[in-house]
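[1] one predicted model, sequence on top.
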Amino acid sequence: MDIKLTKAEKIKILNAFDIYGIMQRILLREDKIDQDREHFWVIGLANNNRILFIELISLGTVNRALAEPMEVFSLALQKRAVKIILCHNHPSGELVPTEVDKDITDRLIQVGIIVNTEVLDHLIITTESYVSFKNMGLMEELAESTQYVPNYVLKERYKKEAAAMAQRKEKLEIARQMKAKGMDVETISEITGLTVEEVKKLRGKGK
C-alpha cells in the first residue's frame, strides 16, 4: 500500500531522525487499526536523498513481518529509486533488533547490491522512539556477511583477492631486489607503489 505523503513530508533525508519524524506520524495513524501487528515499510530515495515514496509492503503478526525481496524492490525499480531505507515497528515497544530482523536486513542488502539499489538503513520504531541499524554499526557489519552472497559472486571476489595478493607479492619481491642493489627507498616506493614504510621494512636477499 502506497502511503500518501504531503508536500512537507517529501523532504530530503539527512539522518535517521528525519525518517523517524515521518514514520512516527504514519505509525500513529495506522496503529488505530492494526496496533498489535508489525508493519514493514520501504522508503525510496532519489539520488539527492529526497523521498520518492513510502510503501507499506507487509502487515505481520505481533512479533514478525515478512519482507520478500520482490516486494521490497519492485516499487523502487519502477520509480527509479537509487536507495532505500527499511522500517518496521515493534508493537512490544522493545527497540532491540532480533536475529530475524538482522537476517532480513542481511538478505535485502545483498539483493540491493544485485539490483543496484543500496539499502541505506533499517529503522525499528515505536510510537515513542526508534533505533537505527546504521547508527548502531549493524549495516556495516551485515554488509560484510556472505550468507546471502551468490556463489558466483563469491568465486569472482575470491579470484580478485587472490590476484591482488599475487600482485602484491610480486611487488614486494621486486622492491626487495631493488633494495638489495642499493636503490633508495623513495625511488623504490615510487616505482612499485608500495609505501615508504613498507619498503623500509624489507630486507634484501642475503641480509
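    Here it is on my side, so go on.

[2] going forward, measure contacts between C-alpha atoms and count neighbours the same way
    Fine.

[3] the closest residue in space to Asn48 that isn't next to it in sequence: neighbour count?
    Ranked by Cα to Cα, 6 or more residues apart in numbering and with sequence neighbours excluded, the top spatial neighbour of Asn48 is Lys12, at 7.2 Å. Using other Cα atoms under 10 Å, Lys12 has 15 neighbouring residues.

[4] again, but for Glu68
    Residues near Glu68, counting by other Cα under 10 Å: 13.

[5] cool, and Tyr20?
    22.

[6] you'd agree the residue nearest to Asn48 is up against Arg50?
    Yes: taking contacts as Cα atoms under 8 Å, Lys12 lies within contact range of Arg50: 4.0 Å.

[7] what about the helices in the protein?
    16-34, 69-78, 99-114, 133-136, 138-143, 151-180, 185-192, 196-201 (DSSP state H).

[8] which positions in the shortest one come out as buried?
    Looking back up the chat, that one is helix 133-136. Phe133, Lys134 (16 or more other Cα atoms under 10 Å).

[9] let's see that helix as PDB, backbone CA atoms only.
    Extracted as PDB, the C-alpha positions of helix 133-136 are listed here (Å, rounded to 0.1, in the frame of the first residue of the first chain):
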ATOM      1  CA  PHE A 133      20.900  -0.100  12.300                       C
ATOM      2  CA  LYS A 134      23.300   2.300  10.700                       C
ATOM      3  CA  ASN A 135      23.800   4.300  13.800                       C
ATOM      4  CA  MET A 136      24.400   1.000  15.700                       C
END
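
[10] and of the helices of the chain, who's closest to Asp121?
    With Cα to Cα as the measure, helix 133-136 is the member of the helices of the chain nearest Asp121 (5.4 Å).

[11] show me what the closest one packs onto, helices and strands only.
    strand 118-125 (3 or more Cα pairs under 8 Å, 6 or more residues apart in numbering; DSSP states H and E).

[12] what lines up beside the strand it packs on in the sheet?
    strand 83-89 (parallel), strand 130-132 (antiparallel) (DSSP bridges).

[13] how far out from the middle of the chain is the longest one?
    Its chain's C-alpha centre and that of strand 83-89 lie 12 Å apart, by Cα atoms, centre = their mean, to the nearest Å.

[14] tilt between the helix or strand bottoming out on mean pLDDT in the chain and strand 118-125?
    The least trusted helix or strand in the chain, going by mean pLDDT, DSSP states H and E, turns out to be helix 16-34, with a mean of 83. Computed by axes from the mean of the first three to the mean of the last three Cα atoms, to 10 degrees, the angle separating helix 16-34 from strand 118-125 equals 60 degrees.

[15] re earlier: any idea which of the strands paired with strand 118-125 is most buried?
    strand 83-89 (a mean of 24; mean count of other Cα atoms under 10 Å).

[16] which residues are in contact with it?
    Identification of contacts with strand 83-89 by Cα atoms under 8 Å, 6 or more residues apart in numbering yields 27, 38-47, 49, 65, 76, 117-126.

[17] stretch 106-113 now?
    The contact list for stretch 106-113, computed with Cα under 8 Å, 6+ apart, reads Pro69, Phe73, Glu118, Val119, Leu142, Ala143, Ser145, Gln147, Tyr148, Val149.
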